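**Q** Predicted model follows, preceded by the sequence.
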Amino acid sequence: MLRPPESIRLIANPSASRVDERAIRAAARALSRLGDVDGVVRTTGPGEATLLARQAVDDGCSLAVALGGDGTAGEVAEGLTGSGTALLCLPGGCTSVYARIHGLAGAPGAAAERVAGAPGALRRVRVDLGTVDERHFLFMAGIGLTASLMRAGARHPRLKARLRGGYAAYAAAAGLVDVARRGLPCVRVRAGTRRLDATTLVIQNSDVLSYLGPRAVAAAPGGGLATGTLALAGAGDARVGDALALLGRLLGGDPERVAAHERVSAWSGLDTVVVESADGRPFPLEIDGTWIGDRLRARFGVAPLALEVATLRRDLPVAAPRPERPLARPRLSAA
């Protein structure tokens, strides 16, 4: 059960597709029924949510609320990692996968009202974070097709701010044109003794990859928020018929059917995954739906139970009592 918070810090991203001043006020009003909302802060650019979250830790807040999309949630989580301040995600983006993973869907104000109306249902738990080189991720990392689409979407931030939710369709179209013109780089994947060549790779730190409306989508069997391991699914070049078949299996919501496709390789129970360019071309890399650059090499791992989260889920390990001092932030292994 959620302990009565000493103080709550609301970190809002006004650029997110479903976040405006009305949503921010509604969320703050609902959250005040859980405790003292000691401040509402708004981000003004990339990376700022991490700094604001670290300030919330330093100020002794017991709950930091991320109001935005998955990028905002990931930045806030980065600032809270290794501390005793819990993360609560309210869905303010187009999809808001991480908020929905923790049982909070719908409009941000309605989600906040749901939490405030049943505080006994909200639990503090500890979950794993995925790592890629110097960064953490919440639920997934992608190389190849999905990362190419995210890269296309990151090229025009002003247009994204103007179109808001409608920008996703534009970015997807632009990304597909780019892939058709240039193709996808080939990567070589190593995990222990296993080897794989692929053009598209999904690495999951969760049982859910994304959502299509109310339907959860997963690509790799064996993923979970508190397993201490990663799961992955990789595919090489696929014909149009193969791509359509894979899409149908993804939308069906059963990762076992995705893994059973002849052009897909799926691994689970992984603690380290190393990905390198196999053809000398840099590959695009995304985490939690945000493109973070093109690379020739990336090393993935797990930070077990590194983040405390406020959730409606009942199947995750309950967090220990909050320490008097912040925990040391875990160090990531070098690439």
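**A** In hand now; what should we look at?

**Q** neighbours around residue 34, how many?
**A** 20 (other CB atoms under 10 Å). Quick note: C-beta positions are derived from backbone N, CA and C, even for glycine.

**Q** Which parts of the stretch 51-200 of the chain are strands?
**A** All strands of the stretch 51-200 of the chain, identified by DSSP state E, counting those that start in this stretch, fall at 63-68, 86-91, 123-132, 135-137, 140-143, 187-191, 194-198, 200-204.

**Q** I'd like to check what contacts the last one. Which residues are they?
**A** Right, strand 200-204. 130, 139-146, 184, 187, 189, 209, 218-220, 223, 230-235, 273, 275, 300 (CB atoms under 8 Å, 6 or more residues apart in numbering).

**Q** picking that back up, pick the most deeply packed of the strands of the stretch 51-200 of the chain.
**A** When the strands of the stretch 51-200 of the chain are scored by mean count of other CB atoms under 10 Å, the highest mean neighbour count falls to strand 63-68 (a mean of 31).

**Q** between it and strand 123-132, how many degrees?
**A** 60 degrees (axes from the mean of the first three to the mean of the last three CA atoms, to 10 degrees).

**Q** Can you pull the domain assignment for the protein?
**A** 8-127+303-311, 137-302 (automatic domain parsing).

**Q** possible to save the ones you listed as CSV with distance to residue 319 and mean pLDDT?
**A** Below are the domains of the chain laid out as CSV (distance: least, CB to CB, whole Å; pLDDT from 0 to 100):
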stretch, distance to residue 319, mean pLDDT
domain 8-127+303-311, 4, 94
domain 137-302, 11, 79
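
**Q** Throw these into TSV and include distance to residue 317, thanks.
**A** What follows is the domains of the chain, written out as TSV (distance: least, CB to CB, whole Å):
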stretch	distance to residue 317
domain 8-127+303-311	6
domain 137-302	6
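
**Q** any idea which of the ones you listed is most buried?
**A** By mean count of other CB under 10 Å, the domains of the chain have domain 8-127+303-311 as the most buried, with a mean of 22.

**Q** and that domain, how far from the chain's centre?
**A** Centre-to-centre, domain 8-127+303-311 and its host chain are 13 Å apart (CA atoms, centre = their mean, to the nearest Å).

**Q** Enumerate every residue touching the most centrally placed residue in the chain.
**A** Computing the C-alpha centroid of the chain and ranking residues by CA atoms, centre = their mean puts residue 288 first, at 3.4 Å. Contacts for residue 288 were tallied using CB under 8 Å, 6+ apart; they are 70-71, 73-74, 97-98, 137-141.

**Q** Determine which two of those residues are furthest apart.
**A** 73 and 141 (14.9 Å; CB to CB).

**Q** just to revisit the earlier point, including distance to residue 107, could the strands of the stretch 51-200 of the chain go into TSV?
**A** Formatted as TSV, the strands of the stretch 51-200 of the chain follow (distance: least, CB to CB, whole Å):
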stretch	distance to residue 107
strand 63-68	11
strand 86-91	8
strand 123-132	23
strand 135-137	26
strand 140-143	24
strand 187-191	39
strand 194-198	38
strand 200-204	27
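
**Q** so which of the ones you listed gets nearest residue 56?
**A** strand 63-68 (4.6 Å).

**Q** Relative to that closest one, what are the paired strands and their orientations?
**A** Note on strand 63-68: by DSSP bridges, its sheet partners are strand 8-12 (parallel), strand 86-91 (parallel).

**Q** Okay, angle between the helix or strand that the first one is followed by and strand 63-68 too, please.
**A** The element immediately downstream of strand 8-12 (helix or strand, assigned by DSSP states H and E) is helix 21-31. Going by the same axes, to 10 degrees, helix 21-31 is angled at 160 degrees with respect to strand 63-68.

**Q** tell me what the helix or strand just after helix 21-31 is packed against?
**A** Next along the chain after helix 21-31, taking DSSP H and E as the criterion, comes strand 37-42. When contacts are defined as 3 or more CB pairs under 8 Å, 6 or more residues apart in numbering; DSSP states H and E, strand 37-42 sits against strand 8-12, helix 21-31.
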